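>>> Can you look at this prediction? I've put the sequence above it.
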Amino acid sequence: MSTIGEAERKAQNRVIALLADKETGLGWRYLGDWQKREGNANIEEEYLRPWLLARGYDPEIVSRAIALLKREARMEGVKLYEANKAFYEMLRYGVPVAPGPGEAPITVQFIDWANPLANDLGVAEKVAIKGKDAKAWNKRPDLVLYVNGIALGVVELKKSTVGVGEGIRQTLDNQRPEFIRHFFTTVQITFAGNDSEGLRYAPIQTPQPYWLAWKEESEITTRLDRDVTQMMAPARFLEIIHDFTLFDAGIKKIARHNQYFAVKAAQERVRRHEGGIIWQSQGSGKSLIMVMLARWIRENLADGRILVITDRKELDRQISEDVFGSTGDKVRRARSGNDLMAALADPTDRIVCSLVHKFGKREETEMEELISDIRSAKIGAPVGDFYIFIDEAHRTQSGKLAKAMRQVLPEAMFIGFTGTPLLRSDKATSLETFGPYIGKPYRFDEAVEDEVVLDLRYEARDIDQRISAPGKIDAWFEAKTKGLTPIAKATLKQRWGTLQRVLSSRDRLEQIANDIIMDMEMKPRLKSGLGNAMLVAGSIPEACKFFEIFRKSGSTLADKCAIVTSYKRAAAEITGEEAGMGETEKQYVHRVYDDLLGDQSEDDYEEEALRLFKKEPARMKLLIVVSRLLTGFDAPTATYIYIDKQMRDHGLFQAICRVNRLDGDNKDFGYVIDYKDLFRNIESAVEDYTSEAFDSFDKEDVDGLISDRADRADEDLHTARDAWFGLMDAVEQPKGDDEIFVYFSSPQGIDADPDAEEKGRRRQALYKLAGRYARAFANVAAEPDGSGFNELELAQYRNEVEQALNIREAVRLHSGDAVDMKLFEPAMRHLIDNYIRAEDSEVISHLDDISLIDLVVSKGAAAEEDLSKPIRGKRENVAEAIENNVRKLIIDETPVNPRFYEKMSALLTDLVRQRREEAIAYAEYLERIAALVKDVRAGHGKTYPAAIATSGMKALYDNLDEDEKLVLSVDKAVRETAPHGWRGNAMKERKVRKCLDAVLKDEAKAEHILEILKNHSEY
């Protein structure tokens, strides 16, 4: 039994040496073994008093200050959180003590935060603490870190074969009233560790799953020694307590390593007044980075003021009330554009929150007038040194709004916050606005590895559809469109003969609803009421249909679902909708909301729905959304997201991350249920969020893009203008209304005009070229400063574009091509809902035991190339069929072309067939992906020695002739040698290559193994 004690004792001795060795230690001094010392406490006056006296405080002042501090440290009728928070405030800001009646108070500081080594730093071991009363048991923390006699850190150590979790549970036990809770009123950081896992750290009362691991490059390979050296160095230890500790709505929080390094990098940029973008993966706590950085700016820059900008109402409320408000920071939330300007002019408001749209409600000329008024002091000019935090920076900052903000606050420094990598299409505008990344991006796979967020699991479901009565479809369509020109009929087909319309049939939506209702009864977390779900609908009308289906289902969701969209009831929404032909989609949406809300406002309804969803998931089990709540909406209870909307890139990844938040031991994954075959888009997005391809963007990357973009826009405008006038040249002089109508239209009717078909082609060209000219001009006009056109030329082109659009609309009306869609909308919806039938859903993926990161990382980027040629060919053929047979024919070809779909039933039948074929090919694709991943994870069916435990070691084992001893040597050498971020860095790669050469003693084999390591995420 003594060996166990010796093993733990050995680790404890080593940690004490690291902290307190007189020559090599971190600067602490050893206070002794306090196991038998009487009167151990969390405030040791024998160390605190001399230190305060040495600082020059009067002895009487010192006595009164210590008495106040001790009183604050007692637990008298308050909870530990409240006592710890009150003590922290006194510790951080000092305590005012009046020398005598009527005299100005002196603020006594108990810690020298600015000069860490000026403090009396001590470490005591086996600190025996008596329970607060006769009912409480005594305890003995392994190590206590004292700063000027105040216990700020507690450490529990275990031997290497005992999990760090045991040390965590021991620390949590100590904080219970049955043991020594009163001791922890002063403690700011608790640690637990062992040699095999290193340290875990957390503030008081943190449940075990939320304890954190520190990650930082170091030459020290022993985990425990590395973590102690990094976290308990006096400067780092005190800095974390002072700058990186928050009390947030009843929960004490300490920064994770990614938050710490992001704030530190931002501090350096603030000092240089250089903006940039902080990229921290979804769910990794970027909101708290805002809070910690804002607090540092306010405390270190006398005139520093923070303006937090978002682009969505719920984010504005969340940041002002939940993020800053919950941590005790006073925030002014601007209610209007004028209120915002007033806030900017009032220096007492150090933190202001606003929606970005408050900068842009005015017309362009009004914005110029506003800026002029500010400059001439008609409106109070902004006061202070502004640091503007932009949330969801990849989305918020664009065009006129960004320009207006910079005009109002020209000297401000902009910091963008995003959970999203800058995709190549975004990087120009984002980097122009902000500057390069601040610090190192914290990617999705890192956050999952660090257990900051959960991994995701993916399931594809398909709902087969069929056309029930082709003949009735054609009869219905012809009856309803009698008298329309071929182009008008084609326009109607184009609007309603799409895959999106087919997939929005009521029968299909009902099958999806049935799926979700079944899941609510079958999936353990949903059934228990601990978890809930979100459903992403393709449009607001579809969201309303889903909502009605659930409300009328008689299921558990009948009164436990809500709809949250951007829709707001207003007279303008339904003005001009009534055609006497039935209910249009806008009228339908208005009716659903009216029936649901009555006199209640949308805001009040949504606020209560979101409160229940977050706080009482058993009472609000499903939120139906379209685009709202798909970013910046943190609800840890959300476990499933059902997606029935085409999505990609940022929007898709942010949506699926609504379900990756930690929420206790019974939530292991977030689940993504996909009805729109989105895996390839998800795969692409995850690769963007986990690769290093976006890390090196800097200002130089943008220069060429800006000039290229301007040059292309100028060229496009020239080309579009020439094409437009080339078409109009054929119109006879004087090119008035009559000449234009004669050339493009058939005034006496199509049947009486032998040139009707040719005129139809001319009209198609007119419609297309007028639109192209307008778009090309808009692109140049959006950034006129970078164009090669002067103001006179742009004014001329603006007039020409307006004329072109007027001609287009006039010809449409004159020829009969214009279709009043309101007349046909109810009939076409009836057709889709009544003649397209849906079958029960079918799960077409078998990926339920594979995490999303495994799917993306394990199969590798070339997995699709591994698909058998028939499957690949089938998928390509299906894609071509959809592209060529539908998109091209409906949108690009001349509608009077006889190759066009003549029958509506043929068009819908082809869409349904193509959808079915694509789903079959997609299912085969997912089967192949699953097989590839399972092969990788299982090592192709091999049985490996017990020591070959990880996928990386298995890869080495397979490629090193199954030589277990050699594999272990290579694994150890690489783990000890490979620097952080070595892939792609020539010098660091050479270091890894040298260590392989030393172990393998074979250049060819070393090169082969190096390539395997490069492609394996484990090393």
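Arrived safely, thanks for sending.
>>> State the three-state secondary structure for residue 1004.
At residue 1004, secondary structure determined by DSSP: H, G, I helix; E, B strand; the rest coil is helix.
>>> quick one, longest helix in the protein?
Ordering each helix of the chain by length in residues (DSSP state H) puts helix 904-938 first.
>>> Helix 904-938 and the next helix or strand after that one, what's the angle between them?
The helix or strand immediately downstream of helix 904-938 is helix 951-959, counting by DSSP states H and E. Interaxial angle, helix 951-959 versus helix 904-938 (axes from the mean of the first three to the mean of the last three CA atoms, to 10 degrees): 80 degrees.
>>> if I pick the most centrally placed residue in the chain, what's in contact with it?
In the chain, the centroid-proximal residue (CA atoms, centre = their mean) is residue 282; its distance is 3.4 Å. Applying CB atoms under 8 Å, 6 or more residues apart in numbering to residue 282 gives the contacts 419, 420, 444, 447, 453, 653, 654, 657, 660. In short, each C-beta sits where N, CA and C put it, glycine included.
>>> Over to residue 843?
Contacts of residue 843 (CB under 8 Å, 6+ apart): 459, 460, 461.
>>> phi, psi of it?
Residue 843 adopts backbone torsions of phi -70, psi 120, taken as degrees, to the nearest 10.
>>> Quick one: classify residue 635 as helix, strand or coil.
In three-state terms, and counting by three-state DSSP, residue 635 is coil.
>>> Do you know the pLDDT at it?
pLDDT recorded at residue 635 is 83.
>>> quick one: it and residue 610, what's the gap?
Distance of residue 635 to residue 610, computed by CB to CB, to the nearest Å: 8 Å.
>>> same deal with residue 760?
Look at residue 760 and residue 610: by CB to CB, they are 52 Å apart.
>>> Could you do residue 71 as well?
Residue 71 sits 41 Å away from residue 610, taking CB to CB as the criterion.
>>> Same check on residue 764?
According to CB to CB, residue 764 and residue 610 sit 48 Å apart.
>>> So which residues of the stretch 51-200 of the chain form strands?
Counting by DSSP state E, counting those that start in this stretch, the stretch 51-200 of the chain has strands at residues 95-97, 106-108, 121-125, 143-147, 150-157, 189-194, 198-202.
>>> Generate JSON lines for these, with mean pLDDT as supplementary columns.
Listed next are the strands of the stretch 51-200 of the chain as JSON lines, based on pLDDT from 0 to 100:
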{"stretch": "strand 95-97", "mean pLDDT": "94"}
{"stretch": "strand 106-108", "mean pLDDT": "95"}
{"stretch": "strand 121-125", "mean pLDDT": "97"}
{"stretch": "strand 143-147", "mean pLDDT": "98"}
{"stretch": "strand 150-157", "mean pLDDT": "97"}
{"stretch": "strand 189-194", "mean pLDDT": "96"}
{"stretch": "strand 198-202", "mean pLDDT": "95"}
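>>> Out of these, which is closest to residue 259?
Residue 259 sits nearest to strand 198-202 of all the strands of the stretch 51-200 of the chain, at 13.1 Å, using CB to CB.
>>> Not counting stretch 973-992 itself, show me its contacts.
217, 221, 692, 995, 996, 998, 999, 1010, 1013, 1014, 1019.
>>> for those residues, which one is nearest residue 158?
Nearest member of those to residue 158, counting by CB to CB, is residue 221, at 19.7 Å.
>>> Is the residue lying farthest from the centre of the chain in a helix, a strand, or coil?
What lies farthest from the middle of the chain is residue 752; by CA atoms, centre = their mean that is 60.6 Å. Here residue 752 takes the coil state, with states given by three-state DSSP.
>>> contacting residues for it?
Shown in contact with residue 752 (CB under 8 Å, 6+ apart): residue 746.
>>> what does residue 452 give?
By CB under 8 Å, 6+ apart, the contact set of residue 452 is 256, 258, 281, 283, 284, 285, 662.
>>> at 7 Å what do you get?
Taking CB atoms under 7 Å, 6 or more residues apart in numbering, we find residue 452 in contact with 256, 283, 284.
>>> Surely it is in a helix?
No: remark: residue 452 does not belong to a helix; assigned using three-state DSSP, it is coil.
>>> Can you tell me which helices and strands the longest strand seen in the chain packs against?
Taking DSSP state E as the assignment, the strand of the chain that covers the most residues is strand 456-467. Secondary-structure packing of strand 456-467 (3 or more CB pairs under 7 Å, 6 or more residues apart in numbering; DSSP states H and E): helix 506-522, strand 670-674, helix 679-690, strand 836-843, helix 852-859, helix 904-938.
>>> Next, residue 278: secondary structure please.
strand.
>>> now residue 217
Secondary structure state of residue 217, per three-state DSSP, is coil.
>>> for it, phi and psi?
Torsion angles, degrees, to the nearest 10, at residue 217: phi -60, psi 140.
>>> circling back to that earlier point, reformat the helices and strands packed on strand 456-467 as TSV; add mean pLDDT.
Below are the helices and strands packed on strand 456-467 laid out as TSV (pLDDT from 0 to 100):
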stretch	mean pLDDT
helix 506-522	92
strand 670-674	88
helix 679-690	64
strand 836-843	84
helix 852-859	62
helix 904-938	72
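>>> Tell me which of the ones you listed sits nearest to residue 798.
For residue 798, the closest of the helices and strands packed on strand 456-467 is helix 679-690, at 38.0 Å, according to CB to CB.
>>> other SSEs contacting the helix or strand hosting residue 445?
Assigned by DSSP H and E, residue 445 belongs to helix 444-449. Helix 444-449 sits against helix 679-690, with contacts defined as 3+ CB pairs under 7 Å, 6+ apart.
>>> Please repeat the previous calculation with a cut-off of 10 Å.
Here helix 444-449 touches helix 257-272, helix 679-690, helix 852-859, going by 3 or more CB pairs under 10 Å, 6 or more residues apart in numbering; DSSP states H and E.
>>> Could you confirm the residue nearest to the centre of the chain falls within a strand?
No: applying three-state DSSP, one finds residue 282 to be coil, outside a strand.
>>> Tell me the pLDDT of it.
As predicted, residue 282 sits at a pLDDT of 73.
>>> Next, work out how far apart it and residue 417 are.
To residue 417, residue 282 is 12 Å away according to CB to CB.
>>> just to revisit the earlier point, would you put the C-alpha positions of the longest strand of the chain in PDB?
Output in PDB follows, covering the C-alpha atoms of strand 456-467 (Å, rounded to 0.1, in the frame of the first residue of the first chain):
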ATOM      1  CA  LEU A 456     -22.400  16.200 -34.300                       C
ATOM      2  CA  ARG A 457     -24.000  13.100 -35.700                       C
ATOM      3  CA  TYR A 458     -25.700  13.100 -39.100                       C
ATOM      4  CA  GLU A 459     -28.800  11.200 -40.400                       C
ATOM      5  CA  ALA A 460     -30.200  11.600 -43.900                       C
ATOM      6  CA  ARG A 461     -33.900  10.900 -44.500                       C
ATOM      7  CA  ASP A 462     -35.700  10.700 -47.800                       C
ATOM      8  CA  ILE A 463     -39.400  11.000 -48.500                       C
ATOM      9  CA  ASP A 464     -40.400   9.500 -51.800                       C
ATOM     10  CA  GLN A 465     -43.000  11.300 -53.900                       C
ATOM     11  CA  ARG A 466     -45.200  10.400 -56.800                       C
ATOM     12  CA  ILE A 467     -47.600  12.100 -59.200                       C
END
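>>> rewinding a little: pick out whichever of residue 71 and residue 610 has more residues nearby.
Under the criterion of other CB atoms under 10 Å, the comparison of residue 71 against residue 610 puts residue 610 first, with 20 against 10.
>>> Could you check which helix or strand contains the more buried one?
helix 602-615.
>>> Tell me which other helices or strands that helix touches.
Applying 3+ CB pairs under 10 Å, 6+ apart, we find helix 602-615 packed against helix 313-317, strand 532-536, strand 561-564, helix 585-597, strand 622-625.
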